[in-house]
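**Q** Give me coordinates for this.
(one chain, ligands or ions: 2)
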Amino acid sequence: MSENNPTAALLRAARIVPVLTIHDAASAVPLARALVAGGVRTLEVTLRTEAGARAAEAILAEVPEAVVGLGTVLTARDLDLARRIGATFAFSPGATPELLDAAAAAGIPFVPGIATASELMAAMARGFSTVKLFPAAQLGGIGALKALGAPFPEARFCPTGGIGEKEAPDYLALSNVVAVGGSWLVPAAELKAGDWAAIEGRARRSMASVGGPG
Ligand SMILES: O=C[C@H](O)COP(=O)(O)O
Ligand SMILES: CC(=O)C(=O)O
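**A** Numbers count the residues shown, from 1 in each chain. Ligands and ions are numbered 1, 2, ... in the order given. Just a heads-up that it's a prediction; the model follows:
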């Protein structure tokens, strides 16, 4: 299915979006290179750590093949940070009315998180029809996405939370799922050890299991 919504198109091209929690900004560039080498180019660098924004900036500066977004964007200030560092998109696990208003004005693709039909309606009312279902598996996973698809056929989802290599293909088989997100691509121990070969291998295997990038 082709997309005329640029945010949905960006995610459909990505297929798999690793959710990255980086504690040491020095590991950001080799990590991004390993993921890109494994065919996973679209990266969500979360603001959950002190190093998050610096890590994203380093990847933006040194890994031009990567498509870099900021994640865990919780406030208008976080969104402004994403815009200022030149991130391609921003993700939130949820949304507030203030954040949705700021995002509508910010001019950067923004993917709000939703967990209920009412939250999806609030996002769509402000023009955000591409959303993150979070935490996806805990909310009912594939069954929840099918159920939401009936009243909201125009909504597109990037389910995140509780998804791994084994589940990703089944999620991506749904017509309203444009990409899946998750932390499974970068186990904390491998990141800490700098095991780039293991991270590259898992990225390659995961991408192959979903038929490659969109
Ligand atoms: O904190 C949760 C991550 O954003 C995604 O969830 P996950 O670790 O289950 O993949
Ligand atoms: C989970 C998520 O979407 C985030 O932290 O941005």
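**Q** quick one: the helix ranked longest in the chain near ligand 1?
**A** Using DSSP state H to define each element, the chain has its longest helix at helix 196-209. No. Among the residues of helix 196-209, none lie within reach of ligand 1 under C-beta under 6 Å from any ligand atom; the closest is 12.1 Å away. In short, each C-beta sits where N, CA and C put it, glycine included.
**Q** chain center to that helix, what's the gap?
**A** Here helix 196-209 is found 17 Å from its chain centre; the criterion is C-alpha atoms, centre = their mean, to the nearest Å.
**Q** Stretch 156-168 now?
**A** Here stretch 156-168 shows a centroid-to-chain-centroid distance of 10 Å under the convention C-alpha atoms, centre = their mean.
**Q** So that stretch, near ligand 1 or not?
**A** Yes. Interface with ligand 1: stretch 156-168 contributes 160-163 (C-beta under 6 Å from any ligand atom).
**Q** quick one on the thing from earlier: what does the longest helix of the chain contact?
**A** Residues from elsewhere that reach helix 196-209, judged by C-beta atoms under 8 Å, 6 or more residues apart in numbering: 15-16, 18, 30-31, 33-35, 37-40, 165, 168-169, 184-186, 190-191, 213.
**Q** quick one: average confidence on it?
**A** In this model, helix 196-209 has a mean pLDDT of 98.
**Q** Can I get that helix in PDB? Just the C-alpha atoms.
**A** Extracted C-alpha coordinates of helix 196-209, given in PDB (Å, rounded to 0.1, in the frame of the first residue of the first chain):
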ATOM      1  CA  TRP A 196      28.900  -4.600  17.200                       C
ATOM      2  CA  ALA A 197      29.100  -7.900  15.200                       C
ATOM      3  CA  ALA A 198      26.200  -9.400  17.300                       C
ATOM      4  CA  ILE A 199      24.100  -6.300  16.900                       C
ATOM      5  CA  GLU A 200      24.700  -6.200  13.100                       C
ATOM      6  CA  GLY A 201      23.900  -9.900  12.800                       C
ATOM      7  CA  ARG A 202      20.600  -9.600  14.700                       C
ATOM      8  CA  ALA A 203      19.600  -6.500  12.600                       C
ATOM      9  CA  ARG A 204      20.300  -8.400   9.400                       C
ATOM     10  CA  ARG A 205      18.300 -11.400  10.600                       C
ATOM     11  CA  SER A 206      15.400  -9.300  11.800                       C
ATOM     12  CA  MET A 207      15.200  -7.300   8.600                       C
ATOM     13  CA  ALA A 208      15.400 -10.500   6.500                       C
ATOM     14  CA  SER A 209      12.600 -12.000   8.500                       C
END
